[in-house]
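Q: heads up, no residue letters with this:
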Ligand SMILES: CN1c2c(nc(N)[nH]c2=O)NC[C@@H]1CNc1ccc(C(=O)N[C@@H](CCC(=O)N[C@@H](CCC(=O)N[C@@H](CCC(=O)O)C(=O)O)C(=O)O)C(=O)O)cc1
Ligand SMILES: N[C@@H](CCS)C(=O)O
Ligand SMILES: [Zn+2]
């Protein structure tokens with residue numbers, strides 16, 4: 001008998017019900033009770049969708065973020081929110097989103113404003129969590145109320161539930177010490193609270209608890225390896241059975257450590273660590289359950305069930321009822337239900353599986369292994385047909401693209417001259433002042449813009465009507481920028497639903513979904529386009545919009561593109577060729593767009609690579625190879641232009657110290673980066689490296705509703721000028737302004753321009 005389970009389910013809802021409920025509550029349009037009811041309804045629906053499993057996860061639902069949930073469970077709230085006296089869920093949102101003292105909520109007056117918790121990406125996914133904060137004074141205290149309530153809710157519905165929590169070592173490792181203290185010094189008292197939590201769960205009759213320790217797939221120093229032994233030696237005395245879950249990669253040096261931790265079961269990612277599984281069997285103590293993650297929880301392709309069974313059958317024979325089967329990781333990273341898709345290309349759709357379909361695949365595997373393949377022969381036959389069709393489809397393979405790839409030479413990535421010669425020609429052409437001002441690309445995506453697009457997609461607004469609405473938005477953006485007196489303008493990206501999906505929609509080799517939403521952070525979602533075939537660009541994607549924007553002004557208009565690495569990292573990508581090959585294909589397509597923009601008279605072109613650093617492999621030993629092809633792909637995209645054309649790139653959420661050489665190798669004329677929250681300390685890396693080209697260090701934290709003052713911006717730029725020569729500095733926000741309101745953007749940019757003018761006057 002094979003046991004099936006899942007590690008977690010997407011919580012946003014197939015139609016983003018949670019997003020809309022959250023945003024309605026935050027806007028004061030609905031009550032806390034209504035929001036809590038939407039949460040309960042979603043949990044119930046998701047448990048029902050998973051009801052065929054032997055163990056269903058509980059505690060994977062979060063109103064904002066599962067890591068923040070864990071911080072609340074452990075009583076690890078930042079000191080700045082300790083005094084809050086309203087509903088704990090409101091306090092939770094205060095940590096997640098921050099609160100300005102001027103905001104209109106019930107507690108603004110009494111509890112004041114608070115800064116939002118820092119957000120960073122969850123391992124190598126496009127999901128972002130709220131970073132736990134630690135200091136030497138941190139004290140943990142158990143608050144098991146959320147988990148116990150959800151457990152009781154599941155039990156009342158007859159669900160065979162398995163609570164899911166983040167493990168103590170991962171929790172410490174992914175958090176940030178806010179002072180000079182050593183996070184590991186907190187482990188003993190943290191373990192005390194974990195022991196109490198497991199005890200509280202045991203007291204309610206919980207049998208299995210899944211403890212996620214994905215940090216085990218990264219390179220761990222000896223002290224952290226030791227922390228694992230310490231932690232699980234202590235937790236082994238609990239009355240629940242622990243299923244330790246590792247995912248997102250192979251274990252490599254941590255195999256022996258993980259296999260021998262004193263837990264009842266171990267979940268391993270059999271997609272990314274497949275080659276490790278058979279050797280691991282020999283290492284595994286005889287009493288231990290082994291859960292194999294055999295369905296990819298990170299992509300949307302159907303699993304090759306027959307091939308998986310060929311590989312699994314001997315393992316199942318060996319482990320018998322010690323074998324559990326699951327997706328490789330939580331299904332948080334995939335959309336909910338393929339059946340919702342009404343307009344997705346039929347052929348491509350037949351190759352796909354979203355969360356619900358992945359659980360069906362799991363069931364088919366379990367039945368085949370316990371009752372024989374005959375029992376599911378129809379499912380296996382139709383799966384085989386889909387796998388074979390995809391492999392041989394002419395939609396996937398385009399010989400012309402393959403030939404173009406073979407013709408890539410190193411010269412394709414070389415500019416005509418070095419930065420110094422280019423900079424002189426660009427300065428002569430562009431005539432920009434010292435400390436030139438610009439923005440990163442997007443202006444607010446207003447409800448009117450989204451409504452127009454949704455009407456256009458629904459067929460209730462004509463293409464002419466839609467284009468007129470977008471042109472009106474572009475005109476508004478240009479007028480605002482002119483009256484603000486910015487130096488280099490942007491068109492504002494009104495016509496883009498998302499900086500990646502927009503390009504996916506227009507490139508050959510991509511499909512896009514209607515409802516393939518994946519949570520990115522909080523209530524914010526993305527719909528990653530599906531890269532299924534060789535990539536080409538049937539026609540220009542951005543030129544008409546940028547040309548229109550340029551026609552409205554005599555100031556330089558910056559062409560705005562997303563780079564190949566970012567498009568790749570934020571798409572669902574092919575599993576039948578390397579990421580590098582897909583990236584080079586994207587590079588050739590975007591290069592054509594760059595050259596078309598240049599031909600259309602655009603002298604400044606920005607190629608966003610927000611996800612270049614985000615795509616770094618979890619293991620440092622693999623960084624060099626990734627950076628080699630990622631940088632080369634950027635260079636191929638950017639470097640076909642004349643010396644006079646100024647290439648910008650933009651990166652956010654970044655630390656640069658460890659990849660500064662690769663950044664310099666990209667050879668963009670100007671790089672704009674996120675720095676405002678680090679007080680310009682991020683620039684030390686550029687200073688130490690003697691970074692040779694121009695830099696726009698962000699001076700306006702676009703994640704916050706706060707308006708930066710002119711004085712603050714001047715101070716930040718003065719700090720920047722201590723690290724980078726003033727002649728090579730630009731003045732700009734940290735990132736795009738799409739999530740902000742015009743009423744915030746205008747005063748902030750006014751102060752930014754005033755600051756630049758003050759700096760020039762004093763230069
Ligand atoms: C920079 N970031 C990005 C990441 N990944 C990307 N793929 N893109 C990114 O920009 N990763 C890291 C960060 C994450 N940051 C963000 C920031 C903001 C969002 C966001 O705002 N997402 C939107 C959805 C954007 C979108 O696709 N919009 C569509 C659909 C709009 C919509 O919901 N329409 C409604 C109808 C509206 C109406 O009638 O009023 C509907 O369809 O029901 C569009 O503009 O057309 C979000 O809302 O969550 C994401 C990541
Ligand atoms: N050009 C994009 C970059 C976001 S990282 C924007 O401004 O939204
Ligand atoms: Zn950005």
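A: Structure's in. What do you need? These figures come from a predicted structure and were not determined experimentally. Ligands and ions are numbered 1, 2, ... in the order given.
Q: who's in contact with the residue of the stretch 201-350 of the chain found nearest ligand 3?
A: Residue nearest to ligand 3 within the stretch 201-350 of the chain: residue 333 (20.9 Å; Cβ to the ion). In short, each C-beta sits where N, CA and C put it, glycine included. Listed by Cβ atoms under 8 Å, 6 or more residues apart in numbering, the contact set of residue 333 reads 125-127, 297-298, 518.
Q: Among the residues you listed, which one has the most neighbours?
A: residue 297 (24 neighbours; other Cβ atoms under 10 Å).
Q: distance of that residue from residue 277?
A: 16 Å (Cβ to Cβ, to the nearest Å).
Q: And for residue 371?
A: Taken as Cβ to Cβ, the span from residue 371 to residue 277 is 23 Å.
Q: need the contact list for the residue in the stretch 51-200 of the chain that ligand 1 sits nearest to.
A: Nearest residue of the stretch 51-200 of the chain to ligand 1: residue 126, at 5.0 Å (Cβ to the nearest ligand atom). Residue 126 sits next to 333, 518, 520, 526, 528, 569-570, 611, 614 when contact means Cβ under 8 Å, 6+ apart.
Q: In helices, which of those appear?
A: residue 569 (DSSP state H).
Q: Pick the one among the contacts of residue 126 closest to residue 504.
A: Comparing these against residue 504 with Cβ to Cβ picks out residue 528 as the nearest, at 7.9 Å.
Q: Now for that closest one, how many residues are close by?
A: 27.
Q: for residue 409, same thing?
A: Count around residue 409 with other Cβ under 10 Å applied: 8.
Q: Let me see the contact set for it.
A: Applying Cβ under 8 Å, 6+ apart, no residues contact residue 409.
Q: what's the pLDDT at it?
A: The per-residue pLDDT reported for residue 409 equals 95.
Q: where does the protein dip in pLDDT?
A: Residues of the chain that meet the criterion pLDDT under 70 lie in 100-112, 654.
Q: before we move on, back to that, neighbour count for residue 371 and residue 277, which is higher?
A: residue 277 (19 against 10).
Q: how far away is the residue nearest to that one when sequence neighbours are not counted from residue 465?
A: Among residues not flanking residue 277 along the chain, residue 270 sits closest, at 5.6 Å (Cβ to Cβ, 6 or more residues apart in numbering). Using Cβ to Cβ, one gets 51 Å for the distance from residue 270 to residue 465.
Q: Against residue 683, how distant is the residue of the stretch 51-200 of the chain closest to ligand 1?
A: Taken as Cβ to Cβ, the span from residue 126 to residue 683 is 26 Å.
Q: Over to residue 722?
A: 9 Å.
Q: okay, the two: which has more neighbours?
A: residue 683 (23 against 11).
Q: got a list of what the residue nearest to the more buried one when sequence neighbours are not counted touches?
A: Closest residue to residue 683 apart from its sequence neighbours, by Cβ to Cβ, 6+ apart: residue 723 at 4.2 Å. Residue 723 makes contact with 680, 683-684, 686-687 under the criterion Cβ under 8 Å, 6+ apart.
Q: Export these as a markdown table, with columns for secondary structure.
A: Converted to a markdown table, the contacts of residue 723 look like this (DSSP: H, G, I helix; E, B strand; the rest coil):
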| residue | secondary structure |
| --- | --- |
| 680 | coil |
| 683 | helix |
| 684 | helix |
| 686 | helix |
| 687 | helix |
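Q: quick one: which of those has the most company?
A: residue 686 leads the contacts of residue 723 on contacts (other Cβ under 10 Å) with 25 neighbours.
Q: Next up, the contacts around residue 318.
A: Neighbours of residue 318 in contact, by Cβ under 8 Å, 6+ apart: residue 281.
Q: That one should be in a helix, yeah?
A: Yes - assigned with three-state DSSP, residue 318 falls within a helix.
Q: residue contacts, the residue in the stretch 501-650 of the chain positioned nearest to ligand 2?
A: Taking Cβ to the nearest ligand atom as the measure, the stretch 501-650 of the chain has residue 610 as its residue closest to ligand 2, at 3.7 Å. Contact partners of residue 610, counting by Cβ under 8 Å, 6+ apart, are 499, 566, 650-653, 735.
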